[in-house]
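Participant: From the sequence below, what's the structure:
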Amino acid sequence: MALLDLFGKKKKELKASCIITKEPIEKGFGYMLTTAEVISSKKYWDMVMTEPETLSYTVSHFKNQSSGTQMRSMIFDKYATIGKPWMISDSIIGYFDVDKKIAKENAQKWWANEGNFTPDKTGPAVDNLDSDTYKNLKDYAVLEAGRNRLPVNGKVA
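Facilitator: Numbering: from 1, shown residues only. Purely as a prediction, here's the structure:
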C-alpha cells in the first residue's frame, strides 16, 4: 500500500446514485432497500408502468393485447431478480412502505464499509418472499399497475 502512495495513486472515491431516479447521493445519505422491499410497492409499480419508456406496453395491455402484457411481465421479472441492494434517494423513498430508519441505517453502513455491506434478505425477491406474496405482487405489477394513471379512469380508447 505504501508503494502505491509513492506514485500518487489515490483510492477511488465511493460514489452512489439512486437506482431509480439516477440522482447522485451524497456520501452518508440515502436509503438502502432490498429487491423484495422495492417490488412490494404498488406506488412503485404504478410509476414504472407509466413511465414514457413503458407506457405503450401499459396501453397495449389494457387494450387486451398480449404483447403488452408479456412486456409488463418481462419488466417485472427484470426488477424482481435484481440481486444487489437498491440505493434510494430522498425524493423517491416515499414510494416504499418500509422502516425508513432501518433503510437509512443500512445506507450508512454501506457508506461506512466502502460499499461492502448488504442488508439481510438481499437478493432476488422470489428468494425472500413467500410464494403467495410474490404471486400477488407480480399479478398487481403485470395486470393492474398504472390503470388509474391512464386517461378516462383506466379505459383506453
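
Participant: Which positions within the biggest helix by length in the chain qualify as buried?
Facilitator: The residue-count maximum for a helix in the chain (DSSP state H) belongs to helix 66-80. For helix 66-80, burial by neighbour count (16 or more other CB atoms under 10 Å) applies to 68, 69, 71, 72, 73, 75, 76, 79, 80. C-beta coordinates here come from the backbone N, C-alpha and C atoms, glycine included.

Participant: neighbours of the nearest residue to residue 68 once chain neighbours are set aside, just the number please.
Facilitator: Nearest residue to residue 68, sequence neighbours excluded (CB to CB, 6 or more residues apart in numbering): residue 60, at 2.7 Å. Residue 60 sits with 18 neighbouring residues when counted by other CB atoms under 10 Å.

Participant: Quick check: residue 60 is in a helix.
Facilitator: Yes. Assigned with DSSP: H, G, I helix; E, B strand; the rest coil, residue 60 falls within a helix.

Participant: For residue 123, see how far away the residue positioned nearest the centre of the chain is.
Facilitator: Central residue of the chain (CA atoms, centre = their mean): residue 38, 4.9 Å from the mean position. Going from residue 38 to residue 123 by CB to CB, to the nearest Å gives 12 Å.

Participant: hang on, isn't residue 58 packed against residue 50?
Facilitator: Yes. Here residue 58 reaches residue 50: they are 6.0 Å apart, a contact under CB atoms under 8 Å.

Participant: neighbour count winner among these two?
Facilitator: Legend: neighbour count by other CB under 10 Å for residue 58 and residue 50, higher for residue 58 (26 against 17).

Participant: contacting residues around that one?
Facilitator: Residues counted as contacts of residue 58 (CB atoms under 8 Å, 6 or more residues apart in numbering) are 49, 50, 68, 72, 145, 146, 150.

Participant: Which one of those residues is nearest to residue 24?
Facilitator: residue 50 (24.9 Å; CB to CB).

Participant: so what's that closest one scoring on pLDDT?
Facilitator: Residue 50 is assigned 95 on the pLDDT scale.

Participant: shouldn't it be in contact with residue 146?
Facilitator: Yes. Look at residue 50 against residue 146 with CB under 8 Å: they come within range, at 4.3 Å.

Participant: count of neighbours near residue 150?
Facilitator: Number of residues near residue 150 (other CB under 10 Å) recorded here: 17.
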